[in-house]
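**Student:** What follows is a predicted protein model with its sequence.
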Amino acid sequence: MKAITTIPPVDLTRQHALLNAQLQAAAIEVLHSGRYIGGEKVAEFERQFAAAIGTRICAACNSGTDALLLGLRALEIAPGDEVITTPFTFAASVEPLAFVGARPIFVDIDPATYNLEVTQVEAAISARTRALLPVHLFGQPTDMTQLGDIARRHDLLTIEDCAQATGACWGDRALGSFGEIGCFSFFPTKNLGALGDGGAVTTDDPELAARVRMFANHGQVGRYDYLEIGTNSRLDALQAALLLVKLPHLDAWNLQRCQIATRYLELLASLPGIALPITLPGGTSVWNQFTLRILDDRSDGEPRRDRIREHLRAAGIDTMVYYPYPLHLQPAYAYLGYRAGQFPYAERVAREVLSLPMFPGLTADEQERVALALKDAIAAVA
Ligand SMILES: Cc1ncc(COP(=O)(O)O)c(C=O)c1O
């Protein structure tokens, strides 16, 4: 019997195979340069990334988590401040709020886009609210027109979590160019991934950028002259050199992701018992994930999604669940005092979401195998 090959959720080797020689040459150039921290590669990457996003400045750092933390510190988000965000995201969107002593205020999500339900944001604003923190989850843009109006009306700052949305647009502008600060991750599986950790803050404000750089460099304003308590958060020269090889391909990879998503949407259009992801009119998603919902009316017991996932695994299709629990129900965030039932869509969606294989290089044949296997699994699991 012929063994079935498993289709993985993500395969970076296909993407890198095409750039093997260039990536190796870039790494060797750094090796021979003797300059491994800072330097021209980092500065050049910052220039090119700012141009790609359409902001005046990019300040690179060690991770997307640090980009958020440094951005919050640069904006002087401080103990007692409230920041409105989504409970349905990766913990890194919210951790940095806790680290600066600010209080995350959750608002439920739109179950069609998985992003913040913008129409509920105003009701969550209090006298302590300082900022809005939209997360463009899975590469899908949040409605930045409505959110921008709310921020202006209430004099709030906006910090965009673009970790999963590098290159996505709202209208004709890239995400990360709307808020005071845009925060990006170059974790390997992101749309623009390094071969290790990396992150960046984008902004039009030179003073904010200088503050981000100061906090990323131990709070120094001159050598051994510490104005603030900072940290060490740098993008390695090696990662910058590798990212410079990959950046020119970002648009083509994002286009491929869009084509893959369109094909999934066609292949799965008539499947019963699922909800397909929706991009808001005016938005361009970059499909970091293709995440659908396996509809499930029950709110306890084993999610139907998990049984379908098992069937898929047996058929050689590896899927992912981003994210099985919303943050307001996690022990780490119990101190915020939220209860089960408070964000019904976030809670329901966490039981239902399933991310199908999605990466540049995924073939049409593989997508057909995924679609057929999902159809069989849905038929098998009542
Ligand atoms: C939505 C979101 N925010 C922030 C981050 C943090 O990025 P990093 O892993 O580079 O620290 C991630 C990374 O997975 C993410 O998905």
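**Tutor:** Cool, the structure landed.
**Student:** If I follow the layout properly, Pro96 ends up in contact with Ser63?
**Tutor:** No: using Cβ atoms under 8 Å, Pro96 is not in contact with Ser63; the gap is 10.6 Å. Every C-beta, even on glycine, is put in place using the N, C-alpha and C of the backbone.
**Student:** who has more neighbours, the two?
**Tutor:** Neighbour count, other Cβ atoms under 10 Å: between Pro96 and Ser63, Pro96 has more, with 27 against 23.
**Student:** which residues sit in contact with that one?
**Tutor:** Neighbouring residues of Pro96 by Cβ atoms under 8 Å, 6 or more residues apart in numbering: Thr65, Leu68, Leu69, Leu72.
**Student:** Could you do Ala59 as well?
**Tutor:** Glu46, Leu70, Ala200, Val201, Thr203, Ala209, Val212, Arg213, Ala216.
**Student:** Check the secondary structure at it for me.
**Tutor:** strand (DSSP: H, G, I helix; E, B strand; the rest coil).
**Student:** List the contacts of Pro248.
**Tutor:** Contacts of Pro248 by Cβ under 8 Å, 6+ apart: none found.
**Student:** how does this protein divide up, domain by domain?
**Tutor:** Here the domain parsing of the chain from automatic domain parsing is 12-248, 249-380.
**Student:** For the longest one, measure first residue to last.
**Tutor:** Chord length of domain 12-248, first to last residue, is 17 Å (Cα to Cα, to the nearest Å).
**Student:** which residue is nearest the middle of this protein?
**Tutor:** Centroid-nearest residue in the chain, with Cα atoms, centre = their mean: Gln164, separated by 2.3 Å.
**Student:** Quick check, the residue in the stretch 1-150 of the chain closest to the ligand?
**Tutor:** Among the residues of the stretch 1-150 of the chain, Gly64 lies nearest to the ligand; the distance is 2.4 Å by Cβ to the nearest ligand atom.
**Student:** can I assume that residue is in contact with Ser185?
**Tutor:** Yes: using Cβ under 8 Å, Gly64 makes contact with Ser185 at a distance of 2.6 Å.
**Student:** Identify the contacts common to those two.
**Tutor:** Ala92, Ala163, Gly199.
**Student:** Make CSV from the residues you listed and add secondary structure to it.
**Tutor:** Formatted as CSV, these follow (three-state DSSP):
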residue, secondary structure
Ala92, helix
Ala163, coil
Gly199, strand
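**Student:** So what's the residue count around Val10?
**Tutor:** Val10: 20 surrounding residues under other Cβ under 10 Å.
**Student:** hang on, the earlier thing: which of the contacts of Ala59 sits closest to the ligand?
**Tutor:** Taking Cβ to the nearest ligand atom as the measure, the ligand sits nearest to Ala200 out of the contacts of Ala59, at 9.8 Å.
**Student:** Please settle this for me: is that closest one part of a strand?
**Tutor:** Yes: secondary structure of Ala200 (three-state DSSP): part of a strand.
**Student:** wait, what's in contact with it?
**Tutor:** Neighbours of Ala200 in contact, by Cβ under 8 Å, 6+ apart: Glu46, Phe49, Cys58, Ala59, Ala60, Cys61, Ala67, Cys183, Phe184, Phe186, Leu235.
**Student:** Contact residues of the stretch 101-250 of the chain facing the ligand?
**Tutor:** With Cβ under 6 Å from any ligand atom as the criterion, the stretch 101-250 of the chain meets the ligand at residues Val135, Asp161, Ala163, Gln164, Ser185, Phe187, Asp197, Gly199.
**Student:** tell me the secondary structure for the nearest residue to the fourth one once chain neighbours are set aside?
**Tutor:** Leaving out its chain neighbours, the residue that sits closest to Gln164 by Cβ to Cβ, 6 or more residues apart in numbering is Asn288, at 4.1 Å. State at Asn288, reduced to three classes by three-state DSSP: coil.
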